[in-house]
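Colleague: Structural data only, the sequence is not supplied:
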């Protein structure tokens with residue numbers, strides 16, 4: 001699958017010195033400096049939204065139903081089929097809508113397309129052999145001309161067979177980590193070669209690998225660290241994970257789910273990311289909890305408390321009634337608002353200031 005209410009603080013005024021190099025590097029510097037120098041301080045909050053494009057009405061609807069504004073907005077964008085590579089697919093309107101709302105955009109860029117309502121993963125050889133270079137070149141040029149910084153989660157949750165990036169599901173196996181690294185490096189290198197410097201690249205596995213050695217002794221290859229393409233290709237680390245509560249039953253879904261708190265879901269993956277690269281910011285790009293099986297408000301409080309202890313860069317909530325009602329306001333009460341507001345801080349307050357001076 002797939003807010004912040006503090007005023008400007010004088011101690012943070014040095015962030016404005018980044019205005020002369022307003023690009024992805026300035027956004028990365030802000031997130032990095034904030035998470036390192038302001039450890040234990042408020043972090044960033046946002047929403048992941050299902051559906052495309054992202055419109056002003058959609059953002060207003062989310063703010064109205066949740067009582068919270070977003071500092072990061074994550075949305076999902078598929079690649080085209082090979083027949084459509086020459087069409088314009090850059091999401092300029094969605095990026096502008098998010099930016100104008102005061103948030104930082106993050107594209108979950110999925111190398112797949114839909115055909116007859118089925119997901120078709122683009123074969124990795126088509127990417128590595130240059131068949132999609134014209135698509136990426138147009139995307140890169142549009143990204144440069146738009147100018148403002150944004151994040152791309154390329155081929156997220158690569159450690160679960162549900163996505164099997166670059167291949168068919170039946171081929172997902174021991175060769176998958178190396179294939180993934182080749183694709184990731186190729187895409188990032190392509191953008192760098194074309195002098196695109198306003199994109200932050202995100203490596204974002206799922207919190208739990210599927211398959212996993214916990215229940216499949218042959219799944220030792222499917223470890224998060226095996227997919228990591230290297231520090232030179234990654235700016236931000238991410239994790240996705242959900243509390244399914246007691247919604248899943250083995251007879252119907254093939255497994256029994258249980259209520260898990262935030263720490264239980266993310267602890268192992270968080271530890272692995274720290275071992276991979278301890279100085280890169282870590283953001284939870286997708287999380288949410290159902291209602292069934294426990295107290296959702298307390299789950300949110302535990303999430304925010306743990307995020308502060310771990311010094312996370314941000315939390316993004318999957319605000320969607322899809323499969324189950326993941327919306328933060330699904331219980332019809334709003335006790336979470338105070339919890340979120342007192343735990344978070346507005347990153348783009350400074351970023352927006354940089355933008356206004358750099359692009360006036």
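Modeller: Nice, thanks for sending it over. The structure displayed is predicted, hence computed values, not measured ones.

Colleague: quick one, helices of the protein?
Modeller: 24-37, 56-66, 92-100, 124-128, 133-146, 176-193, 224-227, 250-253, 262-276, 296-310, 336-343, 348-358 (DSSP state H).

Colleague: Could you list every helix and strand in contact with the third one?
Modeller: Looking back up the chat, that one is helix 92-100. With contacts defined as 3 or more C-beta pairs under 8 Å, 6 or more residues apart in numbering; DSSP states H and E, helix 92-100 has these neighbours: helix 56-66, strand 72-78, strand 104-110, helix 133-146. The way it works is simple: take the backbone N, C-alpha and C, and place the C-beta from them, glycine included.

Colleague: how near is residue 231 to residue 205?
Modeller: As judged by C-beta to C-beta, to the nearest Å, residue 231 and residue 205 stand 16 Å apart.

Colleague: Tell me which of the helices of the chain sits nearest to residue 323.
Modeller: Of all the helices of the chain, helix 250-253 sits nearest to residue 323, with 10.5 Å by C-beta to C-beta.

Colleague: I'd like to know which elements the closest one is packed against.
Modeller: Taking 3+ C-beta pairs under 8 Å, 6+ apart as contact, there are no helices or strands that helix 250-253 lies on.

Colleague: neighbour-wise, which of residue 231 and residue 205 wins?
Modeller: More crowded of residue 231 and residue 205, by other C-beta atoms under 10 Å: residue 205, with 24 against 12.

Colleague: Test my guess that that one contacts residue 270.
Modeller: No - judged on C-beta atoms under 8 Å, residue 205 makes no contact with residue 270 at a distance of 10.9 Å.

Colleague: what do these two both touch?
Modeller: residue 239 (C-beta atoms under 8 Å, 6 or more residues apart in numbering).

Colleague: With distance to residue 223 added, can I get the helices and strands packed on helix 92-100 in JSON lines?
Modeller: Output for those, formatted as JSON lines (distance: least, C-beta to C-beta, whole Å):
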{"stretch": "helix 56-66", "distance to residue 223": "35"}
{"stretch": "strand 72-78", "distance to residue 223": "25"}
{"stretch": "strand 104-110", "distance to residue 223": "22"}
{"stretch": "helix 133-146", "distance to residue 223": "29"}
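
Colleague: These into TSV, with extra columns for mean pLDDT?
Modeller: Formatted as TSV, the helices and strands packed on helix 92-100 follow (pLDDT from 0 to 100):
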stretch	mean pLDDT
helix 56-66	97
strand 72-78	97
strand 104-110	96
helix 133-146	97
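
Colleague: Select, out of the ones you listed, the one closest to residue 311.
Modeller: strand 72-78 (16.8 Å).

Colleague: Pull out the buried positions in that closest one.
Modeller: Neighbour-count burial for strand 72-78 flags 72, 73, 74, 75, 76, 77, 78 (criterion: 16 or more other C-beta atoms under 10 Å).

Colleague: Also stretch 313-322?
Modeller: Using 16+ other C-beta under 10 Å as the burial criterion, the residues of stretch 313-322 that qualify are 313, 314, 315, 316, 317, 318, 319, 320.

Colleague: Residue 335 reaches residue 296, doesn't it?
Modeller: No - using C-beta under 8 Å, residue 335 is not in contact with residue 296; the gap is 9.4 Å.

Colleague: Which one's more surrounded, the two?
Modeller: Comparing residue 335 with residue 296 by other C-beta under 10 Å, the one with more neighbours is residue 296, at 22 against 12.

Colleague: pLDDT value on the spatially closest residue to that one that is not a sequence neighbour, please?
Modeller: Nearest non-adjacent residue to residue 296, counting by C-beta to C-beta, 6 or more residues apart in numbering: residue 289, 5.4 Å away. With respect to pLDDT, residue 289 has a value of 97.
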